[in-house]
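Q: no sequence on this one, just coordinates:
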């Protein structure tokens, strides 16, 4: 019986790996990372309202961010959509005449 511990076998480099290690001009393709940000490719239908369409396009910015960056984009889009809806409630031009409904003469 021997007290020596067998060493694990280390795989030898392939010729391609050895060549890539000595030649920095050869690019190694990165491995696929399923946890990396990826676009959802959700179709966005234009609404015809420029402010709303711009906010919907802004949602595409989240496609290239990690999930912890989505919140900032979503809050920004929500704020923009809320402002667009508020603008629809604003009356253009001068205010109308005061209402006489419910008053007695």
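A: Happy to help now that I have it. Nothing here was measured: the structure is a model prediction, and the numbers come from that model.
Q: what values do phi and psi take at residue 77?
A: For residue 77, the backbone dihedrals (degrees, to the nearest 10) come out as phi -60, psi -40.
Q: quick one: contacts for it?
A: Contacts for residue 77 were tallied using C-beta atoms under 8 Å, 6 or more residues apart in numbering; they are 55, 56, 58, 59. Backbone N, C-alpha and C define where each C-beta goes, glycine included.
Q: assess the claim that residue 69 and residue 62 are in contact.
A: Yes: shown here, residue 69 and residue 62 form a contact pair, counting by C-beta atoms under 8 Å, at 7.2 Å.
Q: please say which of these two ends up with more neighbours.
A: Using other C-beta atoms under 10 Å as the criterion, residue 69 and residue 62 rank with residue 62 on top: 20 against 13.
Q: find me the pLDDT at that one, would you?
A: Residue 62 is assigned a pLDDT of 85 by the prediction.
Q: same deal with residue 24?
A: At residue 24, the pLDDT value in this model is 59.
Q: so that it lines up with my notes, have the first residue be 653 from now on.
A: Fine by me, first position is 653 from now on; the one you just mentioned is residue 676.
Q: what ranges does this protein have for its helices?
A: Here the chain has its helices, by DSSP state H, at 667-674, 702-710, 719-741.
Q: quickly compare those helices and say which is most buried.
A: helix 702-710 (a mean of 15; mean count of other C-beta atoms under 10 Å).
Q: pretty sure residue 722 is touching residue 714, no?
A: Yes: contact status for residue 722 versus residue 714: in contact at 4.7 Å, counting by C-beta under 8 Å.
Q: residue ranges with poor pLDDT in the chain?
A: Across the chain, the ranges flagged by pLDDT under 70 are 653-655, 657-682, 747, 754-757.
Q: what do you get if the cut-off is 80, keeping everything else the same?
A: By pLDDT under 80, the low-scoring segments of the chain are 653-694, 743-757.
Q: could you dump the contacts of residue 729 into a markdown table with distance to residue 701 added?
A: Conversion of the contacts of residue 729 to a markdown table gives the following (distance: C-beta to C-beta, whole Å):
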| residue | distance to residue 701 |
| --- | --- |
| 707 | 10 |
| 708 | 10 |
| 710 | 14 |
| 711 | 15 |
